[in-house]
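A.B. asks: Predicted coordinates and the sequence they were generated for:
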Amino acid sequence: FKIHGRSSGINAEYGELVLKRYIVTMMVPVFTLLLVSIPSVSSSDVLTWTRSRLSAAERSSKYSSVGRSSSGALPPPRTSFFKALTDIEQSIKFAEAKFSPSSSDVSFKNRNTIAQSIISAAKSGNYRIGRELFGFYQYLQDSAMISKSRKRMRRSTDDIISYIKRKLGDKTFNEFFNIDSGTTLTFVLDTTGSMSEDIQQVRNIVRALSSPANEVDGTDGDDGTGFYSFVLVPFKDPDYGPLESYDDKGAFLSALEELTVDGGGDCNEMVMHGISEGLHETEAYSPVFVFTDAGSKDLDEKDSVMTLSQMLYSPLYFFLTPSPGCETNPTDYEDLARETSGEVLTLEKEELRNMSDFVRSAGSRADIAFGTELSGDADRRYKRSTGSVKHKVKFDVDDTVDTLVVTVKFASPDSNGASYLLSADSERILPKFVSSVANMRLYEINRPAPGAWTLKAITDAGDKFSYKVNSVSPTNIDFDFYFLETQPSGKLVPAKHATPGETLQLRLNILGTADLIKPDRTVVQLIGTKGNIIRTIQTLSHSEKYDFQFDGVFIVPQESFKVLVYGETQTGHPFTRTSQATVTPSYGVLEASRSVIKYRLIRPGTSGHFHFKFQHFSEKDSDFKLTFTNPDGIITSASPMYFEGLDKSRRKIIGLSYRIPDSVPEGTEFRISLVMEGGQVKSTYVHTIVVTRFAPTK
């Protein structure tokens, strides 16, 4: 009570809850030390201890920063906090597969290296890889309790969390575990001569983000905008960058005020390089906004951009403002937006000022539904009589939705297409914004009535109609998922790739408090990128240990797919959510081939090789090309690299030489995106490293 309740007037009920969690968490290592005959620790046990302690830390931090509501209850955890827990869960499972409790991996020196590197990564704002290292540490530390090196153990499960908080301070600690907000706002901005008006409108967007009309509940982690950090990347041709990051909106706006425009004239710019640069600094689950009036002349980088954004679960939003004399083809960007759950919006330059709410809400969105004209239910009788086609789409809005965002687009800007949105009470909702340059409508509804909503659209014959429906709430019903595969040893380990025809286990975590949904009413499906249903997972089972977790076995389809979850809230309202990331199955597997510690933590001023292994399962031997990004020029090997006649099912080891300058700041993270392509095979991988003086010497 003295620890958690000093000078805060904390009530007895909450103090008892914290004390119980503290005792349980601290006693588990004691009991474990007594069980010296057990050969290894279970990743499931490690996860239980970790979740318990972090949840207690989240509640303690929330109490001290925002206090209780008028009803006496603490605010529910943000969805972003549960996403951080899922990151840690995956790394714990991965550590179980890679590390042996009886090896030098669990030595005090190795664990101390990881602990110091967590702090370095977090202080540099590289939170996701820091959480990955945290998961590694947790597994190795708890393994050390029952290994030969247990006498040298210095930090228990609770100690490492206290250690991190003491080293980082409350604000950075809350950001590291996504307790406050957990999202970055990244602007990738064309600065050629024709973009002067656009940049002025972008400044207006940032000014409006935390105006009284738009302000969200701020915490110590954000300034009322809903974002705790900001990234700005200018680009033109042939230049892009430099990337700059900021801790508050004021500094971000000042940087925008200082931007100048020049150059251009040939219509196409270095768009992909600008996005790639931004993705190297963007925190996971954060939106990236691209502002341009041009096409991309570096589309050969599109696969690398796609790989990075999907690894980060960062949706890509494109605001296109075509200039006279330049034809900008939105299809250059449509697949990037679709595969990352973003949007392409074509606007007049002055219309950008209407996008502040759209930008602000992007940090806390969950997808409810999406589709094209094939998803609608066309009325053929209407088509015969008028030459147009009617579409009707129904979707469920549940009681956890704070704001409903619906975008409707027609492929032809000159079409007579129209849309009508009807609430659950059959009330017609007017669009908040209609673009004059493209037939696009944007609806934003605060506190929408729960129930079955209807979107009606009329299209010209042959025109395309597409729609997207989002829920906006800091405590959204949402989910994360990853795949598990069975090793020859029988261990279930995270699968980094999905091969068509392969049997995998889907691990799905509902993000949110356990009492939001009825677990026994939950259904999981695989859907195509146009919204079509591929299959329902029939073997779905609800975890007996975690009420938020589900497992199901499925056969990987040939086509790209998303995951859809639907069911009921505790109040009986149907809900639907679709995954942000798209999974693209491949007959090739590209991954790192060496120790996840020794080759992920690199000392400044050193050089060496990153090693990767590639294996393909196509019908015949093939020639392949490897392309890769080169952040800050640390890779000294040249891209692309070519490989002739690679044998099917035979592993190829590939080395990329690197050199890390002495001047690289402590805790810097580098993300290297690799794409291996040949024949009908395309395989991607993102290799992340942290530069730290605590890295092990070779």
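C.D. replies: Sure, I can see it.
A.B. asks: rest of the way, CA atoms for contacts and neighbours
C.D. replies: OK.
A.B. asks: all strands of the stretch 101-250 of the chain, in order?
C.D. replies: Secondary structure of the stretch 101-250 of the chain, counting by DSSP state E, counting those that start in this stretch: strands at 184-190, 229-235, 244-246.
A.B. asks: Need the three-state assignment for residue 696.
C.D. replies: Per DSSP: H, G, I helix; E, B strand; the rest coil, the secondary structure class of residue 696 is coil.
A.B. asks: shift numbering so it begins at 4
C.D. replies: Okay, residue one is now 4; in that scheme the one you just asked about reads as residue 699.
A.B. asks: Which pLDDT value goes with it?
C.D. replies: Residue 699 carries a pLDDT value of 75.
A.B. asks: Contacts for the one helix or strand residue 657 maps to, please.
C.D. replies: Taking DSSP states H and E as the criterion, residue 657 maps to strand 655-662. Outside strand 655-662, the residues within contact range by CA atoms under 8 Å, 6 or more residues apart in numbering are 596, 608-618, 637-640, 649.
A.B. asks: So, low pLDDT: which residues of the stretch 54-203 of the chain?
C.D. replies: Under the criterion pLDDT under 70, the flagged ranges of the stretch 54-203 of the chain are 54-81, 102-112, 146-161, 183-185.
A.B. asks: All the helices of it, residue numbers only.
C.D. replies: If DSSP state H, counting those that start in this stretch is used as the criterion, the helices of the stretch 54-203 of the chain fall at 82-101, 111-126, 130-147, 160-179, 199-212.
A.B. asks: Highest mean neighbour count out of these?
C.D. replies: Highest mean neighbour count among the helices of the stretch 54-203 of the chain (mean count of other CA atoms under 10 Å): helix 130-147, with a mean of 26.
A.B. asks: what helices or strands is that one leaning on?
C.D. replies: Secondary structure elements in contact with helix 130-147, counted by 3 or more CA pairs under 8 Å, 6 or more residues apart in numbering; DSSP states H and E, are helix 46-69, helix 82-101, helix 111-126, helix 160-179.
A.B. asks: relative orientation of the shortest one and helix 130-147 in degrees?
C.D. replies: Meaning helix 111-126. Computed by axes from the mean of the first three to the mean of the last three CA atoms, to 10 degrees, the angle separating helix 111-126 from helix 130-147 equals 160 degrees.
A.B. asks: that older thread, right, so of the strands of the stretch 104-253 of the chain, which gets closest to residue 549?
C.D. replies: Checking these against residue 549 by CA to CA gives strand 187-193 as the closest, at 29.6 Å.
A.B. asks: neighbouring strands for that closest one, and are they parallel or not?
C.D. replies: When pairing is defined by DSSP bridges, strand 187-193 lines up against strand 232-238 (parallel), strand 291-295 (parallel).
A.B. asks: In CSV, list these along with mean pLDDT.
C.D. replies: Putting the strands paired with strand 187-193 into CSV (pLDDT from 0 to 100) gives the following:
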stretch, mean pLDDT
strand 232-238, 92
strand 291-295, 95
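A.B. asks: Can you show me the strands along the stretch 504-653 of the chain?
C.D. replies: Remark: strands of the stretch 504-653 of the chain, listed N- to C-terminal, are 506-514, 526-530, 536-539, 544-545, 552-558, 565-571, 577-581, 591-595, 604-605, 610-619, 625-631, 644-649; assignment by DSSP E, counting those that start in this stretch.
A.B. asks: and the angle for the last one with strand 655-662?
C.D. replies: If you take the same axes, to 10 degrees, strand 644-649 sits at 170 degrees to strand 655-662.
A.B. asks: now strand 644-649: how far from the chain's centre is it?
C.D. replies: The gap between the average C-alpha position of strand 644-649 and the chain average comes to 33 Å, counting by CA atoms, centre = their mean, to the nearest Å.
A.B. asks: State the paired neighbours of it in the sheet, together with their directions.
C.D. replies: When DSSP bridges is applied, strand 644-649 pairs with strand 625-631 (antiparallel).
A.B. asks: What mean pLDDT does the strand it pairs with get?
C.D. replies: Strand 625-631 carries an average pLDDT of 93.
A.B. asks: All set now, cheers.
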